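*Asks:* starting from these lines, generate the structure:
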Amino acid sequence: MKRIGIDARLLAYRDGGISTYIRELALGLDDLASGADITLFQHHKAQHRIDTDFREKRLWTPPHHRLERLALSVELTPYRLDVLHSPDFIAPYRGARRHVITVHDLTFLHYPDYLTTDARRYYNDQIGAVCQHTDHILAVSDSTRHDLMSMLHVPAEKITVQPHGVHSRYRVMSTDQLEKERQALGLPETYILHVGTYEPRKNILGLIKAYKELLIELPDAPPVVLVGRPGWLFEETRAQIDALGINEHIIWRSDIEDDQLPTVYNLAIVLAATSFYEGFGLPILEAMACGTVPIASNRSSFPEVMGEVGLQFDPEDVDAIAEALKKALSDTVWRTNMEANAIERAKQFTWAKSAQIALDVYQSVL
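*Replies:* Model (predicted):
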């Protein structure tokens, strides 16, 4: 039996994003290939196991360390892996006979000014060599696949598209349950929602500028709730948002946990995803599964995820964002139809499908 390893060290350091992908991939593989010889490699600081029947081993090499590729190569040598899957882009020099990586986006190439110096050094200085070295690449969207081919000249046959899935907890909830949980979370009765790390790429400033325009026509518009945690280089953006003078209409919530997100999505009247660039856009999918209509940028992967649901706009056009917000808030017939379409659209994305794609790639590289 072939020995497969999955690098899950990031789970000890971050929630959401790539960590969600790693956890859901492992759970999906557990359902599909429970008898496979798969080892999950967590960092020694990890406080919790992943709830699978696979073996777990602890490693000392921290993610994103400057000597990570070398140190990880040494640590993995005793396991004699046939395939190592590195879900966080950067694979070791020699961790297995064959290497598979997942590329979630190429933000660091599109918008290098939005990254810290350390982040640029980690990703920009290594991604080209890693893409050449690895045996196969999983891209989370056609948009990312196109970027890999156009920006890093990766051959098309070396890339397989592997969309995210959506967890079963993201679903339409009953009115009684929502009211009880709304009060516990201290949220307004309804609101415009944005979910994502507070960083310049998310274009939160563009959203708030558009919302300020909206208030001229709809002074009773519900508030904006921004759910996320502070990211890099956001201090200047936050100062610009504060200078707009509408802070009483904006609610910043950095204390929302993953298991509370379904409630947060269900209570929102609309999800606004205004990013300049995203590799996939998981909040859009999660919102649709909860019956919440997205309005989103017409760039990168968002159109793939949304399909014909919701509205799309140029994220550079504040007026267009304001018009999309107005449509979502005021056209109840359109919104009701879109809510039903959103639920159906979300059903097309499952972690079981995503895990099967990964398993097929493991087998193909061998």
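*Asks:* can you count the residues close to residue 171?
*Replies:* 15 (other C-beta atoms under 10 Å). Heads up, the C-betas are built off the backbone N, CA and C, glycines and all.
*Asks:* list the contacts of residue 254.
*Replies:* Counting by C-beta atoms under 8 Å, 6 or more residues apart in numbering, residue 254 makes contact with 227, 228, 229, 230.
*Asks:* make CSV out of the residues you listed and add secondary structure and neighbour count.
*Replies:* Below are the contacts of residue 254 laid out as CSV (DSSP: H, G, I helix; E, B strand; the rest coil; neighbours: other C-beta atoms under 10 Å):
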residue, secondary structure, neighbour count
227, strand, 22
228, coil, 20
229, coil, 15
230, strand, 12
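*Asks:* return the closest of the residues you listed with respect to residue 140.
*Replies:* Using C-beta to C-beta, residue 228 is the member of the contacts of residue 254 that lies nearest residue 140, at 19.5 Å.
*Asks:* re the thing from before, farthest-separated two in the contacts of residue 254?
*Replies:* Applying C-beta to C-beta across the contacts of residue 254, the maximum distance is between 227 and 230, 12.3 Å.
*Asks:* from residue 185, how far out is the residue lying closest to residue 137 once chain neighbours are set aside?
*Replies:* Leaving aside its sequence neighbours, residue 137 sits nearest to residue 159 (C-beta to C-beta, 6 or more residues apart in numbering; 4.9 Å). Taking C-beta to C-beta, to the nearest Å as the measure, residue 159 falls 40 Å from residue 185.
*Asks:* who's more crowded, these two?
*Replies:* Under the criterion of other C-beta under 10 Å, the comparison of residue 159 against residue 185 puts residue 159 first, with 20 against 14.
*Asks:* so who does that one touch?
*Replies:* Here residue 159 is in contact with 136, 137, 138, 139, 145, 148, 149 (criterion: C-beta under 8 Å, 6+ apart).
*Asks:* and with 10 Å instead?
*Replies:* Taking C-beta atoms under 10 Å, 6 or more residues apart in numbering as the contact definition, residue 159 lies against 103, 131, 136, 137, 138, 139, 142, 144, 145, 146, 148, 149.
*Asks:* please apply the same query to residue 349.
*Replies:* When contacts are counted by C-beta under 10 Å, 6+ apart, residue 349 touches 163, 164, 165, 166, 280, 282, 285, 286, 288, 289, 305.
*Asks:* can you confirm the third one is in a helix?
*Replies:* No. Checked against DSSP: H, G, I helix; E, B strand; the rest coil, residue 165 lies outside a helix; its state is coil.
*Asks:* what about it, how many residues nearby?
*Replies:* 22.
*Asks:* got the phi and psi for the spatially closest residue to it that is not a sequence neighbour?
*Replies:* Nearest non-adjacent residue to residue 165, counting by C-beta to C-beta, 6+ apart: residue 351, 3.3 Å away. Backbone torsions of residue 351, given as degrees, to the nearest 10, read phi -70, psi -20.
*Asks:* circling back to that earlier point, buried subset of the contacts of residue 159, written for PyMOL?
*Replies:* Buried members of the contacts of residue 159, defined by 16 or more other C-beta atoms under 10 Å, are picked up in PyMOL with:
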select buried, resi 103+131+136+137+138+139+144+145+146+148
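*Asks:* tell me which of the contacts of residue 159 fall in strands.
*Replies:* 103, 136, 137, 138, 139 (DSSP state E).
*Asks:* a markdown table for the residues you listed, including pLDDT?
*Replies:* A markdown table is the format used below for those (pLDDT from 0 to 100):
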| residue | pLDDT |
| --- | --- |
| 103 | 98 |
| 136 | 98 |
| 137 | 98 |
| 138 | 98 |
| 139 | 98 |
